[in-house]
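In: Show me how the following folds:
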Amino acid sequence: MSSIITVSNLSKVYRIGKKTVRADSFVGMLQDSLTAPFRNWRTMSQPMKPEQEAEEDLHWALRDVSFEVSQGEVLGVIGRNGAGKSTLLKILSRITEPTSGEVRIKGSVASLLEVGTGFHPDLTGRDNTYLNGTILGMSKRKIDRVFEEIVEFSGVEKFIDTPVKRYSSGMKVRLAFAVAAFLEPEILIIDEVLAVGDAEFQKKCMGKMGQVAKGGRTVIFVSHNMNAITSLCSSGIVLKDGRVDFAGVIPQAIVAYGVSTEVADFIELGGMEENSILKKLTIRQDDKLTNGILEPLRQVKIDLEFHSRPRLLRPRIGIAFCNSKGDRVFAVASWLGPTPLPPLLGKRSIQIGFEMPPLVPGRYTLDTGLYDLESDLREEYYSIGAIEVSESNFLQTMEPVVSDIGQICVRSKWTLE
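Out: A predicted model of the protein is given here:
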């Protein structure tokens, strides 16, 4: 089968902003303010030449990435935050240019990378549908043919003639996905943006992407949900630190992605994001460090350190435990408690206490997220680390618990009458 996308030695590097030394006199400050526009113009107008820059002044979002995608293939792109997934999709979507390397694409491309990608906020949903179709090379007659299906799928019939700037984020993503899927591009690129929609809509989207793939069109799908990746994709690549860490069939790709998750007591959060709020997660059981090994039905304490510069007026924090497929087995969440968290500001630590559920032995990865309902702040980390559930016979059964009975062990009483 011929390749519809060919990526060869693709690299993207960004110049990191340098801290300017401030003048210590009024005259010096005045000179700096007058010359700043010219300094900035020289910096921005200079072509990026990584070989002439100091390594500490550069950030390689992608480095020597190569792969091919065949027509009709559904490719899953997997990786932690900061691995280079979004940068790769932006290059494939022609939103940004690579620093070096080559990308060859045969056919029309529709991308859904952010909520309302490609929408003009002052135009109505109807106008944006026709605008996007025109950009994809569709005729008005062809858009007319699928317009009603787009509107019905999106569920925004009542607001189709309302400016998009008045849509909620969920409404935007519903319409954006419907436009991208029903206008029949040869290549469909979908980022994690579908997580904005509700569970029912996500299910509809997965079904539609499956139909698109069966119709012979190509799909590139980025998600942290391993269950969605498994059910939809036939092949995958794992990105790590801007490089392709693995390329192959999906089951092996998921295993390769999971192998890199370390079992640890201390999990550093934030990575390259200096302005991140969540900083560190520490796990204890019975007030002792665990080496990442937890025993069911015993008390667990998680310390979550954060540094919030803006005041978070209505914060919510959640930590989810996921199995090897990425399914969330259980979670501890502040909004499931009896009282809400108070407003947060500055350097603080939050302690979460709970009894470890009776999980079957094995490895579980952790997702965590911080949200502020007042400001729409959203900070999420997926597969940040792992814990091992010990093989101790915590149910005191005749035989040890094995991992092929499900995820949760239930104590039961059997009576013969």
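In: what's around the closest residue to E391 other than its chain neighbours, how many residues?
Out: Counting by C-beta to C-beta, 6 or more residues apart in numbering, P361 is the residue found nearest to E391 once chain neighbours are left out, at 4.3 Å. C-betas here are computed from N, CA, C, even on glycine. P361: 17 surrounding residues under other C-beta atoms under 10 Å.
In: And I267, by the same measure?
Out: 21.
In: State the pLDDT value of the residue nearest to E391.
Out: At P361, the model reports a pLDDT of 84.
In: how about low-confidence regions in the stretch 201-350 of the chain?
Out: 258-264, 270-275 (pLDDT under 70).
In: which stretches of it form helices?
Out: Here the stretch 201-350 of the chain has its helices, by DSSP state H, counting those that start in this stretch, at 226-232, 250-259.
In: right, and the ones you listed - which one's nearest C205?
Out: helix 226-232 (9.5 Å; C-beta to C-beta).
In: Which strands and helices lie in contact with the closest one?
Out: The contact analysis (3 or more C-beta pairs under 8 Å, 6 or more residues apart in numbering; DSSP states H and E) places helix 226-232 against strand 74-78, helix 199-214, strand 218-222, helix 250-259.
In: What lies in contact with the third one?
Out: Strand 218-222 is touched from outside by 4-5, 69-78, 85-86, 89, 92, 107, 186-192, 209, 212-213, 228-229, 232-233, with contacts defined as C-beta atoms under 8 Å, 6 or more residues apart in numbering.
In: cool, the second one as well?
Out: Residues external to helix 199-214 that are found in contact with it (C-beta under 8 Å, 6+ apart): 72, 74, 153, 155, 170, 174, 177, 181, 188, 190, 194-195, 197, 219, 221, 228, 231-232.
In: ok, now the first one?
Out: Residues outside strand 74-78 that contact it (C-beta under 8 Å, 6+ apart) are 69, 85, 88-89, 209, 213, 218-223, 226, 229, 232-239, 250, 253-254, 257.
In: Can you tell me the centre-most residue of the protein?
Out: Nearest to the geometric centre of the chain sits E192, at 5.0 Å (C-alpha atoms, centre = their mean).
In: end-to-end on stretch 265-281?
Out: With C-alpha to C-alpha, to the nearest Å applied, stretch 265-281 spans 8 Å between its terminal residues.
In: what helix or strand is V146 on?
Out: Taking DSSP states H and E as the criterion, V146 maps to helix 140-154.
In: Can I get stretch 86-98 as CSV, trimmed to CA atoms?
Out: Only the C-alpha atoms of stretch 86-98 are listed here, as CSV (Å, rounded to 0.1, in the frame of the first residue of the first chain):
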residue,chain,number,x,y,z
SER,A,86,1.3,18.7,19.3
THR,A,87,4.3,20.1,17.4
LEU,A,88,4.3,17.2,15.1
LEU,A,89,0.6,17.6,14.3
LYS,A,90,1.0,21.3,13.8
ILE,A,91,3.7,20.6,11.2
LEU,A,92,1.6,17.9,9.5
SER,A,93,-1.4,20.4,9.4
ARG,A,94,0.9,23.1,7.9
ILE,A,95,0.3,25.4,10.8
THR,A,96,4.0,25.8,11.6
GLU,A,97,7.2,25.1,9.5
PRO,A,98,9.8,22.6,10.5
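In: what distance separates it from the centre of its chain?
Out: 16 Å (C-alpha atoms, centre = their mean, to the nearest Å).
In: Quick check: buried residues in it?
Out: S86, T87, L88, L89, K90, I91, L92, S93, P98 (16 or more other C-beta atoms under 10 Å).
In: cool, and stretch 279-293?
Out: Those would be L281, T282, I283, R284, Q285, T290, G292, for stretch 279-293 by 16+ other C-beta under 10 Å.
In: I'd like those residues laid out as a markdown table, including distance to S383.
Out: Formatted as a markdown table, those follow (distance: C-beta to C-beta, whole Å):
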| residue | distance to S383 |
| --- | --- |
| L281 | 13 |
| T282 | 18 |
| I283 | 15 |
| R284 | 21 |
| Q285 | 21 |
| T290 | 19 |
| G292 | 14 |
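In: What is the most widely separated pair among those residues?
Out: L281 and Q285 (14.2 Å).
In: For the nearest residue to D265 once chain neighbours are set aside, which residues are in contact?
Out: Ranked by C-beta to C-beta, 6+ apart and with sequence neighbours excluded, the top spatial neighbour of D265 is L289, at 4.7 Å. With contact set as C-beta under 8 Å, 6+ apart, L289 has these partners: D265, T282, I283.
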